[in-house]
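Peer 1: Fold the following.
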Amino acid sequence: MINFDDYIINIPDFPKKGVIFRDITPLLANPKAYSYAIDMWSEKLAGFGATKIVAAESRGFFFAPAMAIKLGLPFVPVRKKGKLPRKTISVEFDLEYGTDMLFMHEGDVSSQDKVIVMDDILATGGTADGMCRLVELSGAKVACCTFFMELVDLKGREKLSGRDVVSIIKK
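Peer 2: Next up, the predicted model:
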């Protein structure tokens with residue numbers, strides 16, 4: 001059994017004063033711990049009947065492609081403006097410190113799909129909610145929202161109300 005806390009470094013006052021940044025790169029740098037996380041996480045997601053996995057850049061890309069391979073599902077990237085070459089759909093979403101936009105290729109998700117929305121950390125829920133809205137705008141259903149770490153005090157789960165939420169660890 002691996003203690004994930006051994007692979008997370010708390011960085012105070014980053015990216016701004018009062019914020020504690022959770023650095024998960026030590027987990028990614030340890031193949032045994034990273035593999036264990038993917039294996040354990042995939043067991044929790046296997047029963048949702050998903051057809052695709054959607055994740056936003058950049059930190060969502062740390063886990064989603066590996067999870068997609070493990071579950072045998074297509075991975076659909078969600079990116080920022082100007083990063084996708086084909087026709088896109090977009091939504092505006094709230095960040096801890098403002099607003100931003102998310103983009104996904106039109107047609108990558110359809111009404112036939114049941115989608116896992118994945119990210120590394122659930123904080124205030126803005127990015128995850130934005131991804132859910134992109135999926136739903138495409139006519140697909142959100143199978144669940146899933147995160148490696150959930151920062152419970154920031155109440156991001158509330159922004160995802162009505163959707164199943166799966167977190168590996170809670171802080």
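
Peer 1: list the helices and strands the helix ranked longest in the chain packs on?
Peer 2: Taking DSSP state H as the criterion, the chain has its longest helix at helix 31-45. Counting contacts by 3 or more CB pairs under 8 Å, 6 or more residues apart in numbering; DSSP states H and E, helix 31-45 is packed against helix 25-28, helix 64-71, strand 141-150, strand 165-170. Every C-beta, even on glycine, is put in place using the N, C-alpha and C of the backbone.

Peer 1: quick one: contacts of the shortest one?
Peer 2: Residues lying outside helix 25-28 but in contact with it, judged by CB atoms under 8 Å, 6 or more residues apart in numbering, are 4, 6-9, 33-34, 37, 62.

Peer 1: returning to what we had before: give me whichever of the helices and strands packed on helix 31-45 is most buried.
Peer 2: Burial among the helices and strands packed on helix 31-45, expressed as mean neighbours by mean count of other CB atoms under 10 Å, is greatest for strand 141-150, which shows a mean of 23.

Peer 1: Switch the helices and strands packed on helix 31-45 over to JSON lines; also include distance to Ser42.
Peer 2: JSON lines is the format used below for the helices and strands packed on helix 31-45 (distance: least, CB to CB, whole Å):
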{"stretch": "helix 25-28", "distance to Ser42": "16"}
{"stretch": "helix 64-71", "distance to Ser42": "4"}
{"stretch": "strand 141-150", "distance to Ser42": "10"}
{"stretch": "strand 165-170", "distance to Ser42": "11"}
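
Peer 1: The ones you listed into TSV, with extra columns for mean pLDDT?
Peer 2: As requested, the helices and strands packed on helix 31-45 are exported to TSV (pLDDT from 0 to 100):
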stretch	mean pLDDT
helix 25-28	97
helix 64-71	97
strand 141-150	98
strand 165-170	96
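
Peer 1: Right, I'll leave it there.
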